[in-house]
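A.B. asks: Output the structure for:
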Amino acid sequence: MARRAREAGAAPPRDVAAVARRLGLRFRDEGLLREALTHSSATGLPGAAMPSNERLEFLGDRVLGLLMAEWLIERFPAEREGMLMRRFGTLVAAETLAGIAARLGLGDDLVVASDPAGPGIHTRPNVLADALEALLGAAYLDGGLDAVRPFFRRVFAPLVEAEPARPPLPAKSRLQEWLQGRGHALPVYTLVSAEGPSHEPVFVVAVSAAGREAQGRGETKRAAELAAAEAWLAGVAP
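C.D. replies: Purely as a prediction, here's the structure:
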């Protein structure tokens with residue numbers, strides 16, 4: 001199967017079994033995986049027969065929350081609720097999910113309509129985050145928690161175990177800590193543009209700090225700010 005996002009009237013992925021194998025998942029009902037990979041923009045295309053992944057995303061959000069809470073309770077048995085909530089909030093944030101989805105290549109597997117206003121719907125962080133949640137929802141419906149848990153823990157393990165002694169911070173907080181630790185002024189966030197329809201806006205925000213600037217896109221100003229901070233930090237030598 002060609003690993004490109006299916007656009008502008010293309011049929012859903014024909015070999016979803018290959019997608020499942022690449023992800024390390026097994027589906028008894030491959031229709032659930034097809035549905036998880038169908039963005040709402042594609043449901044009105046000629047020949048489209050699958051519903052969008054919105055319902056599976058709704059379910060997957062709950063599956064994600066339960067599995068993450070279960071894991072954090074198990075992994076950090078001595079931590080208080082406040083620390084667990086800090087970890088939880090960062091690990092299930094949209095930008096975290098989008099990063100995992102991008103590493104898994106889910107954007108290349110999505111069925112989407114073409115996007116004349118940008119580089120492609122399948123590259124948007126919110127679309128990637130929703131696709132990962134839809135995938136979790138589909139895997140849960142197909143085989144239950146025991147089927148989805150190994151996949152979930154495998155893809156989230158690098159983040160859960162990154163700094164076990166210290167809960168992870170959102171990108172804006174990490175950028176602020178980096179700057180303060182080196183005597184720099186706090187970052188300045190500037191809205192560059194706000195485009196798109198009201199139901200699917202795209203914000204572009206620039207962050208300036210320590211003589212450098214980076215930009216980020218998101219469906220909300222906060223998401224765009226987080227993406228900008230992440231982009232700024234990505235340019236810092238480890």
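
A.B. asks: what does the helix or strand where residue 193 lies rub up against?
C.D. replies: Assessed by DSSP states H and E, residue 193 sits inside strand 188-195. Identification of contacts with strand 188-195 by CB atoms under 8 Å, 6 or more residues apart in numbering yields 117, 201-209, 215, 221, 224-225, 228. Every C-beta, even on glycine, is put in place using the N, C-alpha and C of the backbone.

A.B. asks: dump the residue contacts of residue 93.
C.D. replies: 170, 226.

A.B. asks: tell me which strands and helices the biggest helix by length in the chain is in contact with?
C.D. replies: Ranked by residue count and defined by DSSP state H, the top helix of the chain is helix 54-75. Under the contact criterion of 3 or more CB pairs under 8 Å, 6 or more residues apart in numbering; DSSP states H and E, helix 54-75 touches helix 30-36, helix 81-91, helix 125-143, helix 145-160.

A.B. asks: thought residue 221 was touching residue 201?
C.D. replies: No - Residue 221 is beyond contact range of residue 201, at 9.4 Å (criterion: CB atoms under 8 Å).

A.B. asks: ok, so what distance separates the closest residue in space to residue 41 that isn't next to it in sequence from residue 54?
C.D. replies: Distances taken as CB to CB, 6 or more residues apart in numbering put residue 113 closest to residue 41, at 3.9 Å, once the chain neighbours are dropped. Distance, residue 113 to residue 54, using CB to CB, to the nearest Å: 15 Å.

A.B. asks: okay, the two: which has more neighbours?
C.D. replies: Here residue 113 and residue 54 are compared on neighbour count by other CB atoms under 10 Å; more neighbours surround residue 113, at 20 against 14.

A.B. asks: got the domain boundaries for this protein?
C.D. replies: 16-160, 171-234 (automatic domain parsing).

A.B. asks: Mean pLDDT for those domains - can I get that in CSV?
C.D. replies: Output for the domains of the chain, formatted as CSV (pLDDT from 0 to 100):
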stretch, mean pLDDT
domain 16-160, 88
domain 171-234, 89
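
A.B. asks: Touching, residue 148 and residue 141? I think so.
C.D. replies: No - applying CB under 8 Å, one finds residue 148 not in contact with residue 141, separated by 9.3 Å.

A.B. asks: Pretty sure residue 218 sits against residue 126.
C.D. replies: Yes - at 7.0 Å, residue 218 and residue 126 qualify as touching, with contact defined as CB under 8 Å.

A.B. asks: Between those two, which is the more surrounded one?
C.D. replies: More crowded of residue 218 and residue 126, by other CB under 10 Å: residue 218, with 23 against 19.

A.B. asks: so how far is residue 229 from that one?
C.D. replies: Residue 218 is 11 Å from residue 229, by CB to CB.

A.B. asks: centroid residue for this protein?
C.D. replies: residue 98 (1.9 Å; CA atoms, centre = their mean).

A.B. asks: what's that residue in contact with, if anything?
C.D. replies: Contacts of residue 98 by CB under 8 Å, 6+ apart are 125, 126, 128, 129, 132.
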